[in-house]
Structure formats: C-alpha cells, structure tokens
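In: Quick one, structure for this:
(one chain, ligands or ions: 1)
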Amino acid sequence: MLLTRHDGKKDPLMNELKLGDVTTVRIEEMHGPVMSTDQFFPDLPADAWQEHRAGLEPDHLDGGSTMVNSAFQTWLLRSEGRVILIATGIGNDKTLPGAAYWSNLKLGYLGHLAGAGVRPEDVDLVINTHLHVDHVGWNTRLADGEWVPTFPNATYLMPKADFAFFDPANNPSIAGGVNENVFEAGIAPVHAAGQVRLWEHSHTIDANLCLEAAPGHTPGSSVVKLASGDDRALFAGDILHTPLQLTYPEHNSCFCQDPAQARATRRRLLGWAADEHLYVLPSDAIPLIASGSPGAGFHVDLGFVIRSVCGRAPGAGRPP
Ligand SMILES: [Zn+2]
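Out: As a prediction, this is how the structure comes out:
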C-alpha cells in the first residue's frame, strides 16, 4: 500500500491511500462530539474508556470529557475509471425532528469533494452501506424547494432490506425516531428519479470491490470488501463506531437494531479482518486501522490517521 500526501510526500498523515489499483480519499463532512459514552454505548463500562483514553483522544473521545467524537464522512474511491462514493453523511438543509442537532446544517461538504477534484456530475456510483440518517444525507440537495439527487449521473446502490425497513409506509415506528423525514428527503427522491438499484446478499461492483450483507446494526447493513493487487481492505460501514469496539467487540451502540445479530456480525468480520491482516476503514471513525493478529479481543495497531481534505468543518460539536 502506498501512502501519499497531497504534497507528494509519503507520510502517515495523509489524505490519500492507494490500495492496489484503487485510490481512496476520505472526505469529511464534520467531526466532533456526538453523545456521551454511556448513552452511545450503554453496556460498555466507564472504566474501559478511562483505561484507553490516551489512545482515543482527541479523535474518538473529547479531551477530558465523556463525549464520544465521531467523524461524518465519505470514502471517495476511484476504481476502474469510475468515481465511487461510500456513504454521504448528514446533508444540508434537512429537517430532522428525531435528530434536531443535525437539522438545517450549512456545511461545505461539496467544497470538500471539489477539493479532491470531484464535481457532483462526475460521480458514477453512490454506495449507501445502510440507510441511517447520517449515511444518506448528501444523496439529495435542495433545489427550488425540492429535493433532487445531488449526483445526477450516479447509480445509487441501496440494500433492499433497509429500503423496506426505513420506508415509513412499511414501518410506522420510523416517525419519532432518528430517521424521521429521512426516507422522504434523502431516499424517495433518488428512487423517483430512477437512480436507485436495490441489492441483497452480495453485489459485485467491479474487479476490485464487492458489497456484502452485514446485518444487525440495521436489517440491510453492509460492508465493502476491497481486493486489488496485494492489498485488502474492509470499508466497515457501521459495524463499529469506535476503535474501543475492537477491544470490546461484544458491545453495541445504542443504534444497533438487532443486538445479537450486530454482535455476531462484528465478531465475524473483525475476526476475518484480523486473520487476513486487512485494513479496516470505518464509517464514523477517523483512523485507518491496520489489523494485527487475532486474539481474545482483536489486537490492533491503530496505524495511521487520515486527515480531511480541507480540515475540520465548522458545525461539529453539536450535542444531542
Ligand atoms: Zn448506522
């Protein structure tokens, strides 16, 4: 794997990864404190956070506090000549009654994307690993009072199980939860435009990339596996939200829909990643995590920190 900064120097503090024939750039929407440790991970003992505090601050734990820091971001991939986005953050201008602290954001996400040389019309494929509010936001943008696809030439890959689950017509409990209004503003308009392709079980993207179902966090949660040249990586979606879950893989976040299935999926995929020495690139966490040897937990080298293209965006640090 080649690690390259935008200034061309090899350095672990970089914007860009070269994984085989695939180029990967982390595009940050925002990064900051989201929820307290006991809210976010109700069963994870407070002592564990304290024990690992030095390794978690400042990217994953707010300095001196019990607030978990998360990154909302997209992995931008260039593979076989196509521009691919994995996850699309929270988005601007959304009305989110169940996540009011994310409502009506005015962030520079598209500018960050432009900083990596990508205009919305350049995007060929959008991968929503699952359909939670903070992963589908930039699917759409507001234009003359209407929600329209942000990426007019893209196919949007969505898990069939999540498309059914998060449709309030099928599931009235969506109203009042964190995903209230999300289907209407971020999913249905793309579907109406004929740009959605639903998939289940697994889906081959190209010779380097494939999607695989990883249910539990949500019914349709998925991961992207990369195999190119000698490099292997796992874009892990929301199977984990903090590196501490590598040490305590049995602990879920409060957002995991099926706790037992989420635990089993996390153990299976992280065990596989450790066995195969994969690089694990989570959705909501900052570092690139290089897997070490498998063990009772997962012995992991918290390898490299990937800096955002344009630095930290304003608007982070909104408490729930
Ligand atoms: Zn999620």
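In: Please name the nearest non-neighbouring residue to Glu212.
Out: Of all residues not flanking Glu212 in the chain, Ser202 sits nearest, at 5.0 Å (CB to CB, 6 or more residues apart in numbering). All C-beta atoms are positioned from the backbone trio N, CA, C, and that covers glycine.
In: wait, doesn't the one you found sit right on Ala214?
Out: No - using CB atoms under 8 Å, Ser202 is not in contact with Ala214; the gap is 10.5 Å.
In: Neighbour count for the two, which is higher?
Out: Taking other CB atoms under 10 Å, Ser202 and Ala214 do not tie; Ala214 has more neighbours (26 against 11).
In: who touches that one in this structure?
Out: For Ala214, the contact set (CB atoms under 8 Å, 6 or more residues apart in numbering) comprises 221-223, 237, 239, 265, 269.
In: Give me the neighbour count for Thr218.
Out: By the criterion of other CB under 10 Å, Thr218 has 26 neighbours.
In: is any part of the longest strand anywhere in the chain close to the ion?
Out: The strand spanning the most residues in the chain, taking DSSP state E as the definition, is strand 22-36. No - residues of strand 22-36 are not located near the ion by CB under 5 Å from the ion, the shortest gap being 11.9 Å.
In: Would you mark the buried spots in that strand?
Out: 22-35 (16 or more other CB atoms under 10 Å).
In: residues touching the most centrally placed residue in the chain, list them.
Out: Closest residue to the average C-alpha location of the chain: Ser283 at 2.4 Å, with CA atoms, centre = their mean. The contact partners of Ser283, taken as CB under 8 Å, 6+ apart, are 73, 86-87, 129, 135, 235-238.
In: For it, give me the pLDDT.
Out: Model confidence at Ser283, given as pLDDT, is 74.
In: Name the helix or strand for it, please.
Out: Per DSSP states H and E, Ser283 falls between elements, in no helix or strand.
In: what about the one residue in the stretch 1-150 of the chain that gets nearest to the ion, distance to Tyr101?
Out: Distance from the ion to each residue of the stretch 1-150 of the chain (CB to the ion) is smallest for His132, at 3.5 Å. From His132 across to Tyr101, the span is 15 Å (CB to CB, to the nearest Å).
In: quick one, which of the two is more surrounded?
Out: Each of His132 and Tyr101 has its neighbours counted (other CB under 10 Å); His132 has more, 25 against 14.
In: List the contacts of the residue of the chain most remote from its centre.
Out: No residue in the chain sits farther from the centre than Asp144, which is 28.9 Å out by CA atoms, centre = their mean. When contacts are counted by CB under 8 Å, 6+ apart, Asp144 touches no other residue.
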